[in-house]
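S.K.: here you go, sequence then predicted model.
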Amino acid sequence: MKFGNNDPFVARDFVEQLAKKALNKQRGAKAAATGARGSPATTAPGSASTTSTTSTTSTATDGKAAGAGAGAGAGASALAKLRKDKDKERASRADHASDGHASVTGVSTSSALSAGRDREREKEAAALAELGGNANSVGDFDPQPLLQLFKDGISTLGALGTWVEDKITRMESSCQEAERRYRAETAKLNQGYQIVVTGFFDLDDRIQNIAAKAVHLGNRLETANVKRTRAQEAQELMNIFSALDLPGQISTLPQHKGRGTRRQLDTGKGAVSTTELNSDDSGDENDTKKADQGAAQAAADTAAAAAMAAAAAASAEGDDAAPTGAALGLFAGMPHLNDDAANIRQWHARITAMFFAETTNIHQAAALVQKLDFLAQELSLSDRFGLAKERIALTYSSIEAKLHERFAQARGSGDVEEMKQLANTLYSFRNYNLCVETFINLHRFFKGTGADFTTAKGVMLSDVEIFDDMVTECIKEGELIQTVFRNPESIMAKFVARIFEQRLSSLVETELKAAITKDYTNYLARLYRLFQLTQEMVRKLTAANFGADLPTLVDSVFQSYLSDYVRFEELALEIKYTSLLQQFYESIHHNRRDAASTKGLLEKAREFKDKLQAGAQLIGDLTINNPFINSIATTLSPSSSNADTNPFGSSAASASASASTPSDNLLSIELALTLIHLNADALQRCHLLSTNIDIYNNAQAIFAKLLDALCVNHVGYALDVALAGLPAAEPRTEPNIQFVNVVHAANYVFHLLQGHFRNVILPVVSQSYPAHSACVNEKNRVMETLESKISTGLERVLDCVSFWFERILDRDQQRTDFRPDDNDVSVFNKPSTVACQHAVQYMARQRDLIVNALDGRNLEIISTELGTRCHTVLLDHLKKFTVNSLGGLVLTRDIAEYQSCMRKFNLPALIELFETLRELSAIFVVKPENLRQVCSEGLLAHVDRETIMAYVRQRADYKSAGVARFF
């Protein structure tokens with residue numbers, strides 16, 4: 001039998017196959033036995049041999065069936081054993097897998113395994129039952145066939161083990177041989193790799209050596225070429241300079257013919273070599289001897305000029321183009337130094353027309369002229385080369401002027417490439433800044449006055465559009481400057497500075513001059529708006545990385561306006577506050593008699609006007625004829641007769657109507673809101689327009705203006721008028737306590753002021769302890785002053801109300817009200833006495849006024865005090881009357897009315913107080929023998945005995961019934 005080479009479970013599968021074969025045989029034998037039992041039991045008499053044969057066959061068959069059954073039983077047992085082994089193996093794997101999760105799934109896993117084993121056992125029992133065996137009894141089991149089968153399996157497994165061991169040995173030998181071959185090949189490849197690496201490093205060293213030699217040769221060639229170029233250019237400059245130094249007109253200049261050639265100068269008398277330039281040949285043979293005498297000095301000067309020419313050539317090494325033959329012809333026909341101006345102008349025009357005919361020559365000529373100019377500047381101060389230096393200066397100016405002219409044309413046409421080339425050429429000229437100025441001046445912002453803020457159609461731009469336009473142009477021009485110029489940062493800084501110094505400054509000056517002619521508030525609003533937009537523009541420019549010192553530029557524009565900003569703010573607030581107060585009093589036809597504040601404001605306005613006229617730099621060049629400044633004195637003058645245009649004046653109608661003005665109308669919540677709103681706007685401006693050092697003091701000053709206008713001049717004045725309108729302590733008529741309405745309005749104003757202080761003032765001054773402390777102290781001082789006035793007024797109100805309450809009781813209470821006739825049945829039909837009705841009605845009106853006017857703690861205190869005083873008045877009032885038993889009922893009804901009135905204050909203290917008064921009224925209706933019990937119960941138990949005794953004496957039967965002995 002052959003087994004698979006790679007199957008580790010061959011033996012087990014083999015045994016299972018044997019068991020299955022035995023089981024199949026057992027099933028076949030059983031089927032055969034069942035068929036035999038199904039044949040007839042008896043046969044006919046004539047068929048004995050057949051029967052005998054059948055019996056023999058049956059016996060043999062039964063033996064075979066028994067053997068097959070035994071084999072099948074053995075196979076079934078083997079199969080059961082194998083299944084048990086499988087169960088154990090599965091249980092072992094399940095236990096091993098459940099070790100890491102025993103705390104969670106241990107119980108469930110054990111239950112599952114147990115259930116699986118039970119199912120397997122049931123299947124095995126069913127298989128044994130099918131084979132005809134009994135799973136529980138082993139007495140009929142024959143183990144021999146199974147033993148034989150087991151022995152056969154062991155033999156087979158031994159042979160299989162021997163074969164497997166041989167196979168393993170052969171495979172190990174094969175593996176070792178392959179490993180040896182692999183190691184040998186790896187060692188061989190490693191040796192080859194080392195050889196390649198060594199060769200690579202050798203090649204790298206050779207490349208490095210060759211590269212170093214190539215770089216060295218290149219440097220030497222470059223140095224030699226530079227020296228050759230400098231020498232060539234120096235020689236050319238020497239030739240040109242020598243030619244320029246010759247007197248007379250120069251028709252042509254030597255042309256460049258290549259390296260090593262001699263250059264000839266045609267002076268009109270013949271060709272002169274470069275070695276002959278030292279002679280001062282003027283064309284006159286009589287001067288030859290003089291020229292020979294100066295040859296030595298000329299040779300020395302020429303040598304110096306040659307050295308300087310070499311230096312000039314070296315300094316111009318970075319120029320874009322070397323001089324060509326056309327460029328060298330620039331000086332041909334140059335006039336003599338002593339020629340007249342007309343001849344010089346003609347030559348200047350001729351060389352300009354000749355040279356600038358070709359655009360490409362302008363940059364080459366500029367490079368040549370710069371070299372000659374450098375050479376001329378390096379020469380000694382002697383007059384030996386004066387003629388050449390003069391001619392070079394003329395040509396330098398001519399070329400530079402033409403370059404500037406062409407740059408202006410390119411700027412106007414928007415030719416960026418032309419501007420870039422011309423700017424690069426002009427960069428080395430002395431008047432390079434003229435190029436920058438030309439670039440900036442030709443921008444649309446700076447054409448004319450620079451103050452045009454309209455569109456192409458003549459429509460005036462808004463503030464936001466003006467500033468957005470400036471930002472857009474800065475960004476656009478920044479990109480253009482970056483392309484055209486070599487030093488874009490400095491040029492962009494100049495452009496931005498021009499925008500601030502010319503355009504923005506012009507805008508601010510124009511707007512503020514127009515605003516100051518109206519009023520200070522409008523001026524400050526415009527200043528705040530312009531400064532706010534400027535700060536926004538600065539943030540945008542900073543984000544765009546412009547190199548200008550933007551904070552310094554902002555200061556240069558606004559410094560003159562911000563230096564005395566707070567004085568403008570204070571004066572504007574004073575004028576606006578005073579104007580609003582006067583307009584309010586005029587609207588209610590009230591003539592305010594205290595003109596001290598108006599006079600003080602008039603003096604400040606005049607002082608400020610004098611300072612403006614003296615030349616104070618507050619708003620630029622403001623003239624003394626400013627209509628607003630000149631109208632301040634007239635506007636504030638109390639004698640002004642124009643009531644329509646004078647917001648501070650008073651009319652005869654208001655004077656006549658002031659006496660009838662109700663005091664409770666002198667305090668306006670709307671006016672208070674307006675004043676606070678103006679102060680909040682001023683603080684908003686202060687936060688932006690003040691420096692970090694001055695902001696705290698400025699905020700303190702602005703808040704002080706609000707306290708003075710709102711609390712002192714408005715609320716304080718209303719309280720003073722209301723106090724003056726209160727009646728005397730003992731009025732003859734019913735007192736008017738409208739003062740509580742003024743207190744109500746004042747309390748609302750206090751709430752508004754506290755909110756303004758908390759939400760607006762504190763965020764500004766909280767970081768400065770001195771300013772914060774000053775604001776708090778000033779606010780508390782003003783509030784305490786007003787609260788003192790309110791306390792005084794409320795005290796007088798309580799005095800008047802309690803006095804009039806007592807006056808009503810004394811006036812309307814009859815002596816017989818509490819001592820009616822015993823037979824007077826009409827007493828039962830009256831709810832209360834007339835005095836009680838009048839007093840309760842009066843007190844109800846005062847209570848409604850107080851409740852509607854006051855709130856919170858103020859209402860509680862005033863109501864308690866008023867109720868206590870009324871209670872005292874009633875106690876004293878009861879002591880004036882004798883009360884009989886029927887009058888006690890009347891008194892009880894009166895006390896109930898008083899108690900009902902006071903209960904509406906909803907104060908427990910007052911309720912308890914008048915409840916005591918009600919219980920006190922019971923002493924007039926109870927029998928004398930019950931007095932002691934009544935006075936010892938309820939609230940009366942806490943009242944002094946002498947106090948109760950004073951009211952007991954007011955009983956009509958006090959003496960007749962001997963009440964004293966029961967008490």
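M.R.: Looks like it came in fine. Residues are numbered from 1 along each chain as shown.
S.K.: from the contact counts, what lies against the helix or strand encompassing Gln191?
M.R.: Secondary-structure assignment from DSSP states H and E places Gln191 in helix 144-244. Under the contact definition 3 or more C-beta pairs under 8 Å, 6 or more residues apart in numbering; DSSP states H and E, helix 144-244 sits against helix 10-37, helix 48-97, strand 265-266, helix 295-315, helix 361-378, helix 386-413. The way it works is simple: take the backbone N, C-alpha and C, and place the C-beta from them, glycine included.
S.K.: go again using 7 Å as the cut-off
M.R.: For helix 144-244, the packing partners by 3 or more C-beta pairs under 7 Å, 6 or more residues apart in numbering; DSSP states H and E come out as helix 10-37, helix 48-97, helix 295-315, helix 361-378, helix 386-413.
S.K.: list the buried ones in the fourth one?
M.R.: Of all the residues in helix 361-378, those buried under the rule 16 or more other C-beta atoms under 10 Å are 361-376.
S.K.: can you check stretch 850-866 too?
M.R.: Across stretch 850-866, burial judged by 16+ other C-beta under 10 Å covers Ile850, Val851, Ala853, Leu854, Asn858, Leu859, Ile862, Ser863, Thr864, Leu866.
S.K.: closest to Phe141 among the residues you listed?
M.R.: Nearest to Phe141 among the buried residues of stretch 850-866, counting by C-beta to C-beta, is Leu859 at 112.8 Å.
S.K.: element containing the closest one?
M.R.: Using DSSP H and E, Leu859 falls in helix 856-878.
S.K.: just to revisit the earlier point, make TSV out of the buried residues of stretch 850-866 and add pLDDT and distance to Ile399.
M.R.: Conversion of these to TSV gives the following (pLDDT from 0 to 100; distance: C-beta to C-beta, whole Å):
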residue	pLDDT	distance to Ile399
Ile850	90	99
Val851	89	98
Ala853	87	93
Leu854	87	94
Asn858	85	92
Leu859	89	95
Ile862	91	98
Ser863	92	101
Thr864	93	103
Leu866	93	104
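S.K.: identify the farthest-apart pair in those residues.
M.R.: Longest span within the buried residues of stretch 850-866, C-beta to C-beta: Ala853 and Thr864, 15.8 Å.
S.K.: for Val943, give me its contacts.
M.R.: By C-beta atoms under 7 Å, 6 or more residues apart in numbering, the residues touching Val943 are Thr916.
S.K.: need phi/psi at it.
M.R.: phi -90, psi 140 (degrees, to the nearest 10).
S.K.: just Val883 next, same as before
M.R.: With angles defined as degrees, to the nearest 10, Val883 sits at phi -120, psi 130.
S.K.: and Glu734, by the same measure?
M.R.: phi -60, psi 120.
S.K.: and the closest residue to it other than its chain neighbours, what helix or strand is that in?
M.R.: In space, and not counting its chain neighbours, Glu734 is closest to Trp804: 6.0 Å by C-beta to C-beta, 6 or more residues apart in numbering. Take DSSP H and E as the rule and Trp804 turns out to sit in helix 769-812.
S.K.: taking helix 856-878 as reference, get the angle to that helix.
M.R.: 30 degrees (axes from the mean of the first three to the mean of the last three C-alpha atoms, to 10 degrees).
S.K.: any idea how the protein splits into domains?
M.R.: Following the TED database, one gets these domains for the chain: 158-236, 356-442, 565-615+663-789, 813-921.
S.K.: least reliable of the ones you listed going by mean pLDDT?
M.R.: Mean pLDDT is lowest for domain 356-442 out of the domains of the chain, coming in at a mean of 81.
S.K.: name the helices or strands packed onto the strand or helix carrying Pro551?
M.R.: Using DSSP H and E, Pro551 sits within helix 550-562. For helix 550-562, the packing partners by 3+ C-beta pairs under 7 Å, 6+ apart come out as helix 505-516, helix 520-543.
S.K.: which is the succeeding secondary structure element to that helix?
M.R.: Using DSSP H and E, the first helix or strand after helix 550-562 is helix 565-587.
S.K.: quick one: work out the angle between that following helix and helix 520-543.
M.R.: Using the same axes, to 10 degrees: helix 565-587 against helix 520-543 is 140 degrees.
S.K.: now helix 565-587 against helix 550-562, angle please.
M.R.: Using the same axes, to 10 degrees: helix 565-587 against helix 550-562 is 40 degrees.
S.K.: how about helix 565-587: buried residues?
M.R.: So for helix 565-587, counting by 16+ other C-beta under 10 Å, buried means 565-582, 584-586.
S.K.: need the contact list for Ser668.
M.R.: Ser668 neighbours (C-beta under 7 Å, 6+ apart): Phe584.
S.K.: change it to 8 Å
M.R.: Neighbour list for Ser668: Phe584, His714, Ala745 [criterion: C-beta atoms under 8 Å, 6 or more residues apart in numbering].
S.K.: from Ile491, how far off is the closest residue in space to Ser885 that isn't next to it in sequence?
M.R.: For Ser885, ignoring the flanking residues on the chain, the nearest one in space by C-beta to C-beta, 6+ apart is Val925 at 6.1 Å. Separation of Val925 from Ile491 (C-beta to C-beta, to the nearest Å): 109 Å.
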